[in-house]
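Colleague: here is the input, now give the coordinates:
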Amino acid sequence: MGFGTGFAIFFIIWWVVLFTVLPFSARSQADDGDVTLGTTHSAPANFRFAPIFWRTTAISAAVFAAYFLITVVGGYSLDDLIALSPDFKSAGN
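Modeller: The predicted structure follows:
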């Protein structure tokens, strides 16, 4: 795997993990009871991106490391994962 391919895969994993991590520990203005005039009640209160960024990066690094170990070090590919699935067509005969 080249650097560009690895970076692209890590980038995709990072974005998926980001949108998975965003709802955790998020508090809305309505939850805090302090809604700023002109904003919606569901707007985030005291939003800080730095902790979310580092949490997302750490989880993404772990997922990418697992992917790297399985594909590059272990030598498995997506075709091998498909081959591991059971064959349900022959079960009915």
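Colleague: please identify the buried residues of stretch 35-50?
Modeller: By 16 or more other CB atoms under 10 Å, the buried positions in stretch 35-50 come out as A45. (Glycine included, C-beta is placed from N, CA and C.)
Colleague: measure it end to end?
Modeller: Taking CA to CA, to the nearest Å, stretch 35-50 runs 23 Å from one end to the other.
Colleague: do stretch 44-53 as well
Modeller: Per CA to CA, the first residue of stretch 44-53 is 16 Å away from its last.
Colleague: where in the chain is pLDDT low?
Modeller: For the chain, applying pLDDT under 70 flags the ranges 90-93.
Colleague: so which helix or strand takes in the spatially most central residue of the chain?
Modeller: For the chain, the residue nearest the mean C-alpha position is V17 (1.9 Å; CA atoms, centre = their mean). Assigned by DSSP states H and E, V17 belongs to helix 3-21.
Colleague: what of F64?
Modeller: helix 49-68.
Colleague: about what we covered before: list the buried residues in the next helix or strand after the helix holding V17.
Modeller: The C-terminal neighbour of helix 3-21 among helices and strands, as given by DSSP H and E, is helix 29-32. Applying a neighbour-count criterion of 16+ other CB under 10 Å, one finds Q29 buried in helix 29-32.
Colleague: just to revisit the earlier point, I figured the residue nearest to the centre of the chain hits F53, correct?
Modeller: No. Using CB atoms under 8 Å, V17 is not in contact with F53, being 10.9 Å away.
Colleague: so who does S77 touch?
Modeller: By CB atoms under 8 Å, 6 or more residues apart in numbering, the residues touching S77 are T71.
Colleague: next: I13.
Modeller: The contact partners of I13, taken as CB under 8 Å, 6+ apart, are 60, 63-64, 67.
Colleague: now F47
Modeller: If you count contacts by CB under 8 Å, 6+ apart, F47 has them with A26.
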